[in-house]
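J.: coords please:
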Amino acid sequence: MTEISKLGEFGLIHRLTKDIEPKNTSTKYGVGDDCAVLHYPQKEVLVTSDMLMEGIHFDLTYIDMRTLGYKSAMVNISDIFAMNGTPHQILVSIAIGKRFKVEDLDEFYAGLREACAKWDIDVVGGDTTSSRTGLAISITCIGEAASEDVVYRNGAKETDLICVSGDLGASYMGLQILEREKAVYYSQIEEYNKKVREAQAANDKAKLAALRAQRQTVEDFQPDFAGKEYLLDRQLKPEARGDIVDELRKANIKPTAMIDISDGLSSELLHICNQSHCGCRVYEKEIPIDYQTAVAAEQFNMNLTTCALNGGEDYELLFTVPIGDHEKIKNIKGIRQIGYITKESLGCMLATRDDNEFQLEAQGWNPIRDEK
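T.: As a prediction, the model looks like this:
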């Protein structure tokens with residue numbers, strides 16, 4: 001393992017980016033100078049940025065550096081697709097502590113570049129620095145769209161259909177599984193350490209020898225994730241839904257409003273309604289939920305609809321389309337109509353399976369308030 005300090009900043013940058021070749025004509029110059037040079041003639045430039053903090057947005061107990069790199073890129077790429085744009089470049093800034101080695105960053109960049117390769121995105125720069133408080137990642141994604149193609153959150157109109165891609169709640173249930181197994185692992189470590197302290201206090205050499213023999217078994221704890229792979233992938237390795245954007249374009253459908261579901265369906269839908277000055281009516285029975293999500297929610301004794309509404313990190317697309325596009329939407333696989341836009345005075349309502357109505361509340365994840 002190579003210490004990062006031995007390479008220095010420029011040596012590290014060279015190692016991580018030396019074989020990056022630009023794929024986009026808009027990338028005139030990438031890594032290697034004070035700035036990247038980008039060229040977008042007669043296009044709107046889309047720019048988004050996300051910061052991911054260790055202990056808040058991710059936990060290295062159960063995500064490896066390669067997967068973290070992949071996820072860090074995808075959550076930014078998703079924002080460009082949510083504007084109906086095409087992503088082209090990203091900049092990556094990382095603050096790293098002394099416990100990380102060069103090989104750890106090799107893995108991070110391998111995952112990052114795997115995500116970028118899926119959508120022909122160029123890595124064009126960024127920064128590296130030291131951290132005394134854990135790993136911090138900041139990524140900026142740059143894309144483009146024609147002026148007439150950009151979709152904002154504020155364009156929803158009364159009678160528009162509300163649609164979502166994929167299924168919801170899976171990522172949240174994946175997180176619950178990971179957190180449960182993490183708690184089991186640390187409880188075993190704590191129990192082991194307690195026994196060691198007791199043996200030391202009693203000067204019981206035989207017991208200490210037996211505990212030393214058990215140490216590797218405790219450290220090598222492996223949770224049983226059989227049958228839960230889909231939920232874990234949705235949490236650890238989400239996919240930006242550029243495929244849905246492509247399908248909408250092929251069907252000649254332009255959403256009137258769109259957002260990606262990072263903080264939960266209820267929160268994102270309220271963003272659209274607040275900015276579009278409208279209300280909505282969503283049907284509980286129409287919210288798409290995978291079978292594995294339902295099974296996990298039952299095991300954790302959680303309300304399934306609450307998980308789907310408020311879980312977050314699904315990175316599916318939530319969008320509205322004119323009612324006239326109803327037949328077109330029906331023919332696109334992976335899209336579900338879950339309700340419609342109403343007058344602002346009617347509020348934002350959830351119609352339940354038993355014909356009751358409740359007001360939607362923004363109960364999704366809040367990065368300022370909550371921790372993962």
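J.: all strands for this protein, in order.
T.: 27-29, 37-38, 44-53, 86-96, 122-130, 136-145, 161-165, 257-260, 279-283, 317-321, 335-342, 348-351, 357-359 (DSSP state E).
J.: now do the third one: distance to the chain's middle.
T.: Pointing back at strand 44-53 there. The chain centroid and the centroid of strand 44-53 are separated by 13 Å under CA atoms, centre = their mean, to the nearest Å.
J.: which neighbouring elements make contact with it?
T.: Helices and strands touching strand 44-53, by 3 or more CB pairs under 8 Å, 6 or more residues apart in numbering; DSSP states H and E, are helix 65-82, strand 136-145. Where C-beta positions appear, they are placed from N, C-alpha and C, glycine not excepted.
J.: cool, the fourth one as well?
T.: Using 3+ CB pairs under 8 Å, 6+ apart as the contact criterion, the elements in contact with strand 86-96 are helix 65-82, helix 102-118, strand 122-130, strand 136-145.
J.: report the buried residues of stretch 188-201.
T.: 192, 195, 196, 199 (16 or more other CB atoms under 10 Å).
J.: revised request: answer the last question for stretch 242-249.
T.: For stretch 242-249, a neighbour-count test (16+ other CB under 10 Å) marks 242, 244, 245, 247, 248 as buried.
J.: tell me, how many residues neighbour residue 213?
T.: Residues near residue 213, counting by other CB atoms under 10 Å, number 9.
J.: in CSV, list the helices and strands packed on strand 44-53 along with mean neighbour count, distance to residue 165 and mean pLDDT.
T.: Below are the helices and strands packed on strand 44-53 laid out as CSV (neighbours: other CB atoms under 10 Å; distance: least, CB to CB, whole Å; pLDDT from 0 to 100):
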stretch, mean neighbour count, distance to residue 165, mean pLDDT
helix 65-82, 24, 10, 97
strand 136-145, 22, 19, 94
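J.: may I see these organised as JSON lines, with distance to residue 345 added?
T.: Converted to JSON lines, the helices and strands packed on strand 44-53 look like this (distance: least, CB to CB, whole Å):
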{"stretch": "helix 65-82", "distance to residue 345": "28"}
{"stretch": "strand 136-145", "distance to residue 345": "33"}
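J.: of all these, which lies closest to residue 171?
T.: helix 65-82 (10.5 Å; CB to CB).
J.: summarise which helices and strands that closest one is packed against.
T.: Looks like helix 65-82 contacts strand 44-53, strand 86-96, helix 102-118, strand 136-145, helix 242-250, strand 257-260 (3+ CB pairs under 8 Å, 6+ apart).
J.: now the fifth one against strand 86-96, angle please.
T.: Taking axes from the mean of the first three to the mean of the last three CA atoms, to 10 degrees, helix 242-250 and strand 86-96 form an angle of 160 degrees between their directions.
J.: who's in contact with helix 242-250?
T.: For helix 242-250, the external contacting residues (CB atoms under 8 Å, 6 or more residues apart in numbering) are 77, 81, 84, 87, 119, 165, 254-255, 317, 332-335.
J.: buried ones in stretch 116-124?
T.: Quick answer for stretch 116-124 (16+ other CB under 10 Å): 116, 119, 121, 122, 123, 124.
J.: most packed of the strands of the chain?
T.: Mean neighbour count, computed with mean count of other CB atoms under 10 Å, is highest for strand 317-321 among the strands of the chain, reaching a mean of 27.
J.: so what secondary structure elements neighbour that strand?
T.: So strand 317-321, by 3+ CB pairs under 8 Å, 6+ apart, packs with strand 161-165, strand 257-260, helix 265-276.
J.: helices or strands up against the last one?
T.: Same thing as helix 265-276. strand 257-260, strand 279-283, helix 304-310, strand 317-321, strand 348-351.
J.: out of these, which is closest to residue 103?
T.: strand 257-260 (32.2 Å).
J.: for that closest one, which outside residues touch it?
T.: So strand 257-260 is contacted by 78-79, 81-84, 151-156, 160, 240-241, 268, 271-272, 275-276, 315-320 (CB under 8 Å, 6+ apart).
J.: neighbouring strands for that strand, and are they parallel or not?
T.: strand 317-321 (antiparallel) (DSSP bridges).
J.: relative to helix 65-82, how tilted is the strand it pairs with?
T.: Using the same axes, to 10 degrees: strand 317-321 against helix 65-82 is 10 degrees.
J.: which stretches of this structure aren't confidently modelled?
T.: 2-20, 27-38, 364-372 (pLDDT under 70).
J.: mind doing that once more with 80?
T.: 1-39, 218-219, 362-372 (pLDDT under 80).
J.: excluding sequence neighbours, find me the nearest residue to residue 47.
T.: Setting aside the residues directly before and after it, residue 47 is nearest to residue 142 in space (CB to CB, 6 or more residues apart in numbering), at 5.4 Å.
J.: now do the contacts for the one you found.
T.: The contact partners of residue 142, by CB under 8 Å, 6+ apart, come to 38, 45, 46, 47, 80, 87, 88, 89, 90, 91.
J.: turn these into a markdown table, including distance to residue 174.
T.: Shown next, in a markdown table, are those (distance: CB to CB, whole Å):
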| residue | distance to residue 174 |
| --- | --- |
| 38 | 36 |
| 45 | 34 |
| 46 | 29 |
| 47 | 30 |
| 80 | 24 |
| 87 | 25 |
| 88 | 30 |
| 89 | 30 |
| 90 | 25 |
| 91 | 29 |
